[in-house]
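*Asks:* Okay, here's the prediction I keep looking at, along with the sequence it came from:
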Amino acid sequence: MTMALDGVEVVAGGRRILGPVSFDLEPGSLTAVVGPNGAGKSTLVRAMSGERRLTAGNVRLHGEEVGQTSPGLLAARRAVLPQATTIAFPFTVFEIVGLGLRTRPGLTAARRRAIVAEALAAVDLGDFGPRPYPQLSGGEKQRVQLARVLCQIGAPVEDGRSKLLILDEPTSSLDVRHQIDVLAIARRFADEGGTVVAVLHDLNLAAGFSDRMIVLDSGLVVADGDPAELLPSDVLPRTFGAKMAVLHPPGWRSPVVLPEILGRARVDQRPRSGSPG
Ligand SMILES: Nc1ncnc2c1ncn2[C@@H]1O[C@H](COP(=O)(O)OP(=O)(O)OP(=O)(O)O)[C@@H](O)[C@H]1O
Ligand SMILES: [Mg+2]
């Protein structure tokens, strides 16, 4: 087991914003966390990473409480892509991505350059190294941050331990192709023995790339299971308060959901020439 959460609770502003929550994460898995704005997803992943102090319960990474683990050891065993990152200094892309290697001592300068270049190529920013970071587009910045995190985490498995990659909305600023590319990187990390937890708002991306979906609502886990079974159930419409159509294209591993808003373009309401009915 990579991580175990036991009775985790977080109270902030006099309100319980998370928990109690208990579950485990297994090596080789990609778990998608979905839920409405304010459900507690970022609070949950920050509790998992050790960045958020718990009010009750504990979080163990390979048996050690993350709150008691030294920052150096934590950095070697888990990496976090936060929901938002603000960097105003005119660092270059090379410098930002290289920050990920601060916690990996003992690498030669040439090896560092190679790792940074490889991470940039993985996020399709091979030529961006010398560019000033503040000048990049929102999606380019997000991919630079992922490259930094990939540099920090290194191999999916080290010393027989599965590393934990925590991604909080890694695709929120990305175009459709880069959304798929980034989740494919996360998927590969899990397939090679790493452990991934990703907060996602796109339910179809979540279902398509994860092997497990945790639905969070008002700080509690309201569903936890196989996305192919969760998607067609009434959990998501109930949790999000949105009607959804479920489609299962022939040959697809899992179904997809479409929010009902798309039904507003129905042909019988807005007839177009050549449309049936
Ligand atoms: N330090 C704090 N003090 C008071 N309330 C807080 C604090 N941190 C978070 N909250 C509240 O806790 C709730 C959960 O926040 P969180 O950021 O975990 O939500 P989320 O599920 O990640 O939402 P989103 O989808 O918008 O990112 C929100 O209602 C937020 O306002
Ligand atoms: Mg969040």
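*Replies:* Received the coordinates, thanks. What you see is a predicted model; the values in this text were computed from it and never measured. Numbers count the residues shown, from 1 in each chain. Ligands and ions are numbered 1, 2, ... in the order given.

*Asks:* How about the residues of this structure by ligand 1?
*Replies:* With the criterion set to CB under 6 Å from any ligand atom, the chain comes near ligand 1 through 12-13, 17, 35, 37-43, 83. In this view, the C-beta of every residue, glycine as well, is placed from N, C-alpha and C.

*Asks:* List just the nearest of those residues to ligand 2.
*Replies:* Closest approach to ligand 2 among those (CB to the ion): residue 42, at 3.2 Å.

*Asks:* Can you report how many residues neighbour the closest one?
*Replies:* For residue 42, the number of neighbouring residues by other CB atoms under 10 Å comes to 20.

*Asks:* Now the residue most central in space within the chain: phi and psi?
*Replies:* The central residue of the chain, meaning the one whose C-alpha is nearest the mean C-alpha position (CA atoms, centre = their mean), is residue 198 at 2.3 Å. In this entry, residue 198 is assigned phi and psi values of phi -130, psi 120 (degrees, to the nearest 10).

*Asks:* and the closest residue to it other than its chain neighbours, what are its bridge partners?
*Replies:* Closest residue to residue 198 apart from its sequence neighbours, by CB to CB, 6 or more residues apart in numbering: residue 167 at 4.2 Å. In this structure, residue 167 bridges to residue 81, residue 198 when assessed by DSSP bridges.

*Asks:* Wait, residue 167 touches residue 194, no?
*Replies:* No: under the criterion of CB atoms under 8 Å, residue 167 lies out of contact with residue 194, with a separation of 11.7 Å.

*Asks:* Which one of the two is surrounded by more residues?
*Replies:* Neighbours were tallied for residue 167 and for residue 194 using other CB under 10 Å; the higher tally belongs to residue 167 (27 against 24).

*Asks:* Return the distance of the more buried one relative to residue 79.
*Replies:* 9 Å (CB to CB, to the nearest Å).

*Asks:* Show me whatever sits in contact with both of these two.
*Replies:* For the pair residue 167 and residue 79, residues contacting each of them under the criterion CB atoms under 8 Å, 6 or more residues apart in numbering are residue 149.

*Asks:* ok now do residue 152, which residues does it touch?
*Replies:* 75, 79, 100-101, 103-104.

*Asks:* confidence score at the residue nearest to residue 198?
*Replies:* The per-residue pLDDT reported for residue 167 equals 98.

*Asks:* go on, residue 241?
*Replies:* 92.

*Asks:* Now do the SS call for the closest residue in space to it that isn't next to it in sequence.
*Replies:* Setting aside the residues directly before and after it, residue 241 is nearest to residue 36 in space (CB to CB, 6+ apart), at 7.8 Å. In three-state terms, and counting by DSSP: H, G, I helix; E, B strand; the rest coil, residue 36 is coil.

*Asks:* just checking, residue 36 touches residue 239?
*Replies:* Yes: applying CB under 8 Å as the test, residue 36 and residue 239 come out as touching, 6.6 Å apart.

*Asks:* Overlap of the contact sets of the two?
*Replies:* residue 217.

*Asks:* which residues of the protein fall in helices?
*Replies:* 41-49, 71-77, 93-99, 109-122, 138-153, 176-191, 203-209, 227-230, 235-240 (DSSP state H).

*Asks:* returning to what we had before: now restrict the contacts of residue 152 to buried residues only.
*Replies:* The neighbour-count test (16 or more other CB atoms under 10 Å) marks 75, 79, 100-101, 103-104 as buried among the contacts of residue 152.

*Asks:* What separation is there between residue 107 and residue 79?
*Replies:* Separation of residue 107 from residue 79 (CB to CB): 16 Å.

*Asks:* no no, residue 94
*Replies:* Remark: distance between residue 94 and residue 79 (CB to CB) = 19 Å.

*Asks:* With residue 47 instead?
*Replies:* Distance of residue 47 to residue 79, computed by CB to CB: 16 Å.

*Asks:* got it, and residue 253?
*Replies:* Distance, residue 253 to residue 79, by CB to CB: 28 Å.

*Asks:* roughly how far apart are the closest residue to residue 151 other than its chain neighbours and residue 182?
*Replies:* Setting aside the residues directly before and after it, residue 151 is nearest to residue 100 in space (CB to CB, 6+ apart), at 3.2 Å. Relative to residue 182, residue 100 is positioned 16 Å away (criterion: CB to CB).
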